[in-house]
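# build the 3D model from these lines:
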Amino acid sequence: MRSKRGFTLIEVLVVLVILMGLAGIVTVNVVRHQSEARLKTARIQIRQLQLAVQLYQSEQGRIPTQQQGLDALVHPPTIAPVPARYPAEGYMESHRLPKDPWGAEFIYLEPGREGQPFEILSAGSDGELGGTGDAQDLSTADQ
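Predicted structure coming up:
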């Protein structure tokens, strides 16, 4: 008598179907959590930029103008009004502005859209104002 060793084709196919189902479930959960993580990261970055603008205001007596933009937080402005005393390290830990989690520049408005002195925005994953889900706009006005 011959002994059978190994698996039948049906057994191998059943295992492959189970593994593919598990991979699909894991992929969906990872993508969903990645989207949530990007939204949280953008909110944190906006808050850091907001605090840097407020520190700039407390030291310079005014917020950066629309023309100076957020770049005034990392480089001494060359557009009037030029600060008399600008710290060598700027107002951010790094000497460059962060990009939002989708790779776009943050938007700086002075004044803000709802009457606040300034507003910092990320347009979300689609890069355009308006949208829902991970394409929603994130703003200092929301915090």
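# and the most centrally placed residue in the chain, what pLDDT?
The residue lying closest to the centre of the chain (C-alpha atoms, centre = their mean) is residue 42, at 2.9 Å. Per-residue pLDDT puts residue 42 at 94.
# report the distance from the host helix or strand of it to the chain centre.
Using DSSP states H and E, residue 42 maps to helix 9-60. In terms of C-alpha atoms, centre = their mean, to the nearest Å, the centre of helix 9-60 is found 11 Å from the chain centre.
# now do stretch 124-139
Remark: stretch 124-139 is offset 11 Å from the chain centroid, using C-alpha atoms, centre = their mean.
# heads up, I number from 29, so please use that
Yep, numbering from 29; the last one is stretch 152-167 now.
# between the two ends of that stretch, how far is it?
10 Å (C-alpha to C-alpha, to the nearest Å).
# shaky segments in this protein?
Low-confidence segments of the chain (pLDDT under 70): 29-32, 59.
# change it to 50
Under the criterion pLDDT under 50, no range of the chain is flagged.
# sorry, back to before: doesn't residue 129 make contact with the residue nearest to the centre of the chain?
Yes - the pair residue 70 / residue 129 is scored as a contact, 5.3 Å apart, by C-beta atoms under 8 Å. All C-beta spots, glycine's among them, are computed from the backbone N, C-alpha and C.
# now list whatever residues contact both of the two.
Shared contacts of residue 70 and residue 129, defined by C-beta atoms under 8 Å, 6 or more residues apart in numbering, comprise residue 150.
# right, I'll leave it there.
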